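Undergrad: Below are the sequence and a predicted model; questions follow.
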Amino acid sequence: MSDAESNIDPADGTDFQPTAPNTGEEFEPVDVFPDSDDFDLRPGSDSCYKCSTCDTNCPVAEVDDEFPGPKFQGPEQWRLKQADGEHTIDDSVMDCSNCLRCDSACPSGVPLGQMHNTARGEYVSEELNTFSIEYIRNRILANYRTSAWLASKFPRTSSFMMNFGPVRWMMDKVLKVPKERDFPEFATETFQEWWAKQGGATGSRERAREVRERRGEPVDADKKVAYFHGCYSNYNTPEVAKALVNVYEYFGYEVVVPEQKCSGTPMFANGMLADARRHAEVNVSSMSDLVDQGYDAVASCTSCSLALRQEYPELFDIDGIEEVSDNTFESVEYLRIHEDLKGEIEAAEVDGELAAEFGYHAPCHARNQGLERQAVELFGDLEGAEMEDVGDSCSGISGTYGWKSEKYEKSMKIAEDMFEHMEEGTESEVGMTECPTCAMQMEHGTGYDIRHPLELLEAALIEEN
C-alpha cells in the first residue's frame with residue numbers, strides 16, 4: 001500500500017495527511033534583530049544584581065570548586081564582551097550541564113539559560129578545535145539521533161557491541177566516554193515502526209472516534225494532539241511512547257506523529273547551535289502547521305517540551321516558533337489541564353509489576369516548567385501504588401554531561417543525595433521519572449527498575465479495562 005493510499009480516511013474518503021510538514025521554503029524568516037547577528041541580552045544582563053542565588057543553586061558549582069558558576073557564565077561574560085568587544089568566551093562554559101536550575105532560581109528573571117547556550121555556541125564555533133577529541137566526542141553525543149538510527153537497523157547486535165568490554169575500554173580511551181556506564185539497549189521495534197502498524201494518524205482517528213462515541217461525547221469533538229516523541233522513546237523505550245498513545249486514545253484524543261528531528265537539547269548543552277537550528281526548523285515547521293489546524297503539541301520527555309516551549313524562542317527566529325511554544329505541553333500536564341485525570345486515578349487501581357512504591361525524581365527540566373510535584377500529587381490516591389518524592393537534588397547526568405569521562409565522577413557526586421533518598425526512602429526497588437537520561441542515572445546508581453508516569457497511567461486506566 002502506498003503512503004497516499006494509507007492516509008485515505010475511510011469515514012469520508014478524503015485524503016487525510018496531517019503529518020505532511022511545510023518545509024518553510026515559501027516564506028522569509030522574520031527579521032527579529034535587524035541591526036545585529038547576536039541576540040540582545042543586555043536587558044537581562046542589566047537585571048542581574050549579583051545576588052549569587054544562581055550560583056548557590058547550581059549543582060555543578062556545588063561539587064566543583066573551580067567552576068565559576070552561572071553568574072559568571074551569563075551576565076558577567078556578556079558585560080565583558082559588550083564592554084571591549086575582544087573578550088573571548090571562557091572554556092569553563094563547557095562545564096555547565098544545562099540543567100537550567102539557575103533560570104528557575106533567579107529572582108530577577110535573568111535569561112541565564114539563553115546566555116549560557118549562546119556563549120557555548122560561540123565558544124564551540126570560534127574557540128574549540130574541530131579536530132580535537134573533545135569536539136568529535138561532543139558532536140557524536142549531541143547527535144544521538146543519528147547514532148540511534150544506525151543502531152536501530154541491527155538493534156541486538158548494536159546493543160551487544162556497545163556494551164562489549166573491549167569496545168567500552170576503547171571508547172573510554174579514545175573518545176573519553178566513560179567505560180563505567182552501560183549503554184541503553186535499542187528496541188527491536190521502534191515506536192515509529194509500531195505506529196505505522198497501528199495505522200498511523202488515520203488509525204488513531206478511527207479509534208478516537210469510537211471512544212468518543214462510546215463515552216457519549218460528540219464524535220467530531222476537537223480533541224487532537226501532535227506527539228513529539230523524541231529520540232529516546234523512538235529508539236530505546238518505545239513502551240513510553242506506546243503508553244502515551246494508548247492513554248490519549250483512552251480519553252478520545254486523535255494522535256498524530258509529525259515529521260520530527262531531535263529536540264536539540266543535547267546540541268544546546270554541547271554548543272552545537274547550528275545543528276540544533278537545522279533540527280528545530282523541521283520540528284517547528286511540522287508542529288506549526290498542525291497548530292494552525294487546531295492541534296496541541298505534547299511531549300513525553302520534559303527536556304523535549306522545555307526545548308519547544310522555552311529554548312527555541314530564546315535562540316531562534318523561525319517562523320511559527322511562538323505559536324508552537326504557546327501550544328506545547330508536557331504529556332501528563334496536558335491531560336491534567338483538559339481531563340478529570342485526578343478523578344480517573346481515584347477510581348482506578350493498579351496491580352501486577354507496577355503495584356509498587358515508587359521513588360520519584362523530578363527532572364531539573366520538569367522543575368523549570370513548574371511540574372516537580374505533578375506525579376507525586378497525581379498518583380497519591382492511586383490504589384496499589386505509592387509515590388515517594390526522593391528530594392530536590394539533580395540527577396547529575398544532565399543529558400550528555402555524565403557521558404563524558406572527565407565529568408563522570410562529578411555527575412555521580414551530584415547524584416549522591418538522589419541515590420541515598422531512593423535507597424532509604426522507599427521499600428521497593430522501583431523508581432520513576434519523566435526524563436530518559438535521569439532514568440539512566442537512577443538505574444546506574446541504584447540498580448532499580450525505572451518507569452515513566454505514562455506507563456503507570458496506562459496500567460491504571462487501560463490494562464484492567
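TA: All right, it came through fine.

Undergrad: And the biggest helix by length in the chain, what's buried?
TA: With secondary structure taken from DSSP state H, the chain has its longest helix at helix 273-292. By 16 or more other C-beta atoms under 10 Å, the buried positions in helix 273-292 come out as 273, 275-277, 279-291. The way it works is simple: take the backbone N, C-alpha and C, and place the C-beta from them, glycine included.

Undergrad: same check, this time on stretch 124-144
TA: 124, 128, 134-135, 137-144.

Undergrad: how about those residues, which pair is most distant?
TA: In these, two members sit farther apart than any others by C-beta to C-beta. They are 128 and 144, at 19.3 Å.

Undergrad: Show me the helices in the stretch 1-150 of the chain, by range?
TA: Taking DSSP state H, counting those that start in this stretch to define them, one finds helices in the stretch 1-150 of the chain at 3-6, 42-47, 53-56, 59-63, 70-71, 77-84, 101-105, 112-126, 133-142, 144-151.

Undergrad: Go through those helices and name the closest to residue 321.
TA: Nearest of the helices of the stretch 1-150 of the chain (C-beta to C-beta): helix 112-126, 13.9 Å.

Undergrad: Residue 211: helix or strand, and which one exactly?
TA: In this assignment (DSSP states H and E), residue 211 forms part of helix 200-215.

Undergrad: helices or strands next to that helix in the packing?
TA: helix 238-250, strand 254-256 (3 or more C-beta pairs under 8 Å, 6 or more residues apart in numbering; DSSP states H and E).

Undergrad: Which of these has the highest mean neighbour count?
TA: Compared across the helices and strands packed on helix 200-215, strand 254-256 shows the largest average neighbour count, a mean of 24 (mean count of other C-beta atoms under 10 Å).

Undergrad: what distance separates it from the middle of the whole chain?
TA: 20 Å (C-alpha atoms, centre = their mean, to the nearest Å).

Undergrad: hang on, the earlier thing: of all the helices of the stretch 1-150 of the chain, which lies closest to residue 94?
TA: Of those, the one closest to residue 94 (C-beta to C-beta) turns out to be helix 112-126, at 6.7 Å.

Undergrad: Rounded mean pLDDT for that closest one, please.
TA: Helix 112-126 shows an average pLDDT of 92 in the prediction.

Undergrad: elements contacting that helix?
TA: Using 3+ C-beta pairs under 8 Å, 6+ apart as the contact test, the elements touching helix 112-126 are helix 42-47, helix 77-84, helix 101-105, helix 265-269, helix 273-292, helix 312-315.

Undergrad: list the buried ones in the shortest one?
TA: What that stands for is helix 312-315. Quick answer for helix 312-315 (16+ other C-beta under 10 Å): 312-315.

Undergrad: CSV for these, including distance to residue 169?
TA: Compiled in CSV, the buried residues of helix 312-315 are given as follows (distance: C-beta to C-beta, whole Å):
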residue, distance to residue 169
312, 39
313, 43
314, 40
315, 37
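
Undergrad: Pop the domain breakdown of this structure in here.
TA: 3-29+187-338, 42-126, 348-461 (automatic domain parsing).

Undergrad: ok, residue 61 to residue 322 distance?
TA: 33 Å (C-beta to C-beta, to the nearest Å).
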